[in-house]
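Student: quick one: sequence plus predicted model below, questions after.
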Amino acid sequence: MSTTLIVNAMVLVLDEAMTVHEPGWVELAGDTIVATGPGAPPKRDCAAIVDASGCLVMPGMVNPHTHMAMSVFRGLGEDVDDRLYRYILPIERKLVTPEMVRAGTALAALEMIQGGVTTLADMYYFETVVGEVLDRAGLRALVGQTLADFSPPDHRDFAEGFARVEALVSQFSGHPRITPSIAPHAPYSTGLAVMESIARWSADHPGVPVQIHLAESDAEVAWARDTHGLSSVEVTQRAGLLKPGLIAAHCLHLSDNDIALMAAAGVGVAHNARSNGKAGRGIAPIEKLRAVGVPVGIATDGAMSGNTLDLFSQFGPVSMFAKLLGRSRKPMPARQVIRMATIEGARVLGLDHAIGSLEPGKQADLIVLDLSAPRLHPIYDPYAMLVFAAMPTDVRHTMVAGTWLMVDRQVRSLDPQKTLADALQIASGFRAEIARIDAGQA
């Protein structure tokens, strides 16, 4: 088994004690972390020694909610009020194909590797294709087949949607890095009866995580109230889906009772601060959620909504929105933000036993950041530096399961030029369709 020593680095372990070794070292054997420590490492016969002088080593980051294929929608119709119904949904129904999903997912994977994200949860269409791309890219992921009632591009009815879920589970069950998932789009876009069917299916497949958009919009809240006399969370509970391991994205419009129900049920939350803020939808009560034991991870949402898929651009909004709500510097301190981006995000996905911290026995998922940029110095608090000053371009190396996906900013697991060319070819088709829509010909 090959062994690697990373030496002379500032090491953020992200264990319960928030251990920092400065300088420190990390020892790896195959795909597993063996040990970390301060100063010089014990003498070992190692296949590789990585000198990380002037660098910081930390766990790879976790993005618990995104729509990777939608990277090709980035920036489309930004200043058009009705862009969802004018452009996005018509283009999805007409042009979202396995080829489009393959190209968009690869572009997103390239961006995430370059930005230090090593694990993600995706929900979209043609998810077997998503899983195949992520497998080749070397990332760790939950891949969730979306089920919805608004004429999605890959299933005509829920029976066909369930068949796609079954195919996804069949293809990826037991995969060391890719976990199949079922993803009802949202309560309002599936309905109570279908949610109940998904809950029964989920009970029969306990190893398959469930992802859902929850309490995201005023329209969803109104639907739940007017149709069922309940909150969105209460509808989800009635359906039997509010249960341990549910990954709930957004969670903006929550009552204290909703939060108590989520805590009692063991739900995890994916917080999309930048996307929510950009849409003017509000600020999720993440401090209330975390105070009662609900794990919260930091997510990007899709590039259509938040534009960028790197977590560094999420950190400032996560911290500052909480500070604005509390009218104080105290809410959401920097070290808690980084915990949410690593070990707590892993907990949201049910993977904290395997990733999220640099502890012995865990998977060797880590990133190395170059600290040479002037904007990073002086470093009084490494967590504050990461939250308020670091950028994706500071990530020098990215590793998943003991394999370097990027070394010295050169991605090894994908062809960057081909990835970009394929995505731009898809975008040219989108541009032509937008022109037809604007001309009234679509």
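Tutor: The structure has been received and is ready for your questions. Residues are numbered from 1 along each chain as shown.
Student: got the buried residues for the lengthiest helix in the chain?
Tutor: Using DSSP state H, we find that the single longest helix of the chain is helix 416-438. Using 16 or more other Cβ atoms under 10 Å as the burial criterion, the residues of helix 416-438 that qualify are 419, 422-423, 426-427, 430, 433-434, 437. From N, CA and C alone the C-beta is placed, and that goes for glycine too.
Student: can you pull the contacts of residue 408?
Tutor: Residues counted as contacts of residue 408 (Cβ atoms under 8 Å, 6 or more residues apart in numbering) are 396-397.
Student: returning to that earlier point: show me what the longest helix of the chain is packed up against.
Tutor: helix 89-95, helix 98-114 (3 or more Cβ pairs under 8 Å, 6 or more residues apart in numbering; DSSP states H and E).
Student: hey, least reliable of those by pLDDT?
Tutor: Per-stretch mean pLDDT for the helices and strands packed on helix 416-438 is lowest at helix 89-95 (a mean of 89).
Student: contacts for the lowest-mean-pLDDT helix or strand in the chain, please.
Tutor: One helix or strand of the chain scores below all others by mean pLDDT, DSSP states H and E: helix 83, with a mean of 86. The contact list for helix 83 (Cβ under 8 Å, 6+ apart) reads 76-77.
Student: give me the phi and psi for the most centrally placed residue in the chain.
Tutor: Taking Cα atoms, centre = their mean, the centroid of the chain lies closest to residue 63, which sits 2.2 Å from it. Dihedral angles of residue 63 (phi, psi; degrees, to the nearest 10) stand at phi -110, psi 100.
Student: contact partners for it?
Tutor: 112, 117, 119-121, 297-300, 309, 311, 345.
Student: swap in residue 165?
Tutor: 145, 147, 180, 182, 201.
Student: restricted to strands, list those residues.
Tutor: Counting by DSSP state E, the part of these found in strands is 145, 147, 180, 182.
Student: with neighbour count as extra columns, can I get the residues you listed in TSV?
Tutor: Rendered in TSV, the data for these read as follows (neighbours: other Cβ atoms under 10 Å):
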residue	neighbour count
145	30
147	26
180	27
182	26
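Student: between which two of those residues is the distance greatest?
Tutor: 147 and 180 (13.5 Å; Cβ to Cβ).
Student: distance to residue 398 for the buried residues of helix 416-438 - can I get that in JSON lines?
Tutor: Listed next are those as JSON lines, based on distance: Cβ to Cβ, whole Å:
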{"residue": "419", "distance to residue 398": "15"}
{"residue": "422", "distance to residue 398": "21"}
{"residue": "423", "distance to residue 398": "20"}
{"residue": "426", "distance to residue 398": "25"}
{"residue": "427", "distance to residue 398": "26"}
{"residue": "430", "distance to residue 398": "29"}
{"residue": "433", "distance to residue 398": "35"}
{"residue": "434", "distance to residue 398": "34"}
{"residue": "437", "distance to residue 398": "39"}
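Student: contacting residues for residue 208?
Tutor: Applying Cβ under 8 Å, 6+ apart to residue 208 gives the contacts 169, 180-182, 202.
Student: then residue 47?
Tutor: 2-4.
Student: of these, buried ones?
Tutor: In terms of neighbour count (16+ other Cβ under 10 Å), the buried residues within the contacts of residue 47 are 3-4.
Student: okay, the contacts of residue 47 in CSV with pLDDT next?
Tutor: Listed next are the contacts of residue 47 as CSV, based on pLDDT from 0 to 100:
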residue, pLDDT
2, 80
3, 91
4, 95
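Student: can you redo the contacts of residue 47 as JSON lines with secondary structure and distance to residue 101?
Tutor: Listed next are the contacts of residue 47 as JSON lines, based on DSSP: H, G, I helix; E, B strand; the rest coil; distance: Cβ to Cβ, whole Å:
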{"residue": "2", "secondary structure": "coil", "distance to residue 101": "34"}
{"residue": "3", "secondary structure": "strand", "distance to residue 101": "38"}
{"residue": "4", "secondary structure": "strand", "distance to residue 101": "34"}
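Student: and of the contacts of residue 47, the nearest to residue 31?
Tutor: For the contacts of residue 47, the closest approach to residue 31 (Cβ to Cβ) belongs to residue 2, at 9.8 Å.
Student: for that closest one, which non-adjacent residue is closest in space?
Tutor: Nearest non-adjacent residue to residue 2, counting by Cβ to Cβ, 6 or more residues apart in numbering: residue 47, 4.5 Å away.
Student: which non-adjacent residue is nearest residue 401?
Tutor: Setting aside the residues directly before and after it, residue 401 is nearest to residue 31 in space (Cβ to Cβ, 6+ apart), at 4.2 Å.
Student: if I look at the one you found, how far off is residue 301?
Tutor: 30 Å (Cβ to Cβ, to the nearest Å).
Student: between these two, which is the more surrounded one?
Tutor: Neighbours per residue (other Cβ atoms under 10 Å) separate residue 31 from residue 301, with residue 301 holding more: 28 against 18.
Student: what about the closest residue in space to that one that isn't next to it in sequence, how many neighbours?
Tutor: Leaving aside its sequence neighbours, residue 301 sits nearest to residue 275 (Cβ to Cβ, 6+ apart; 3.7 Å). Residue 275 has 26 neighbours, counted by other Cβ under 10 Å.
Student: what about residue 275, which helix or strand?
Tutor: Assigned by DSSP states H and E, residue 275 belongs to helix 273-278.
Student: pull out the buried residues from that helix.
Tutor: Those would be 273-276, for helix 273-278 by 16+ other Cβ under 10 Å.
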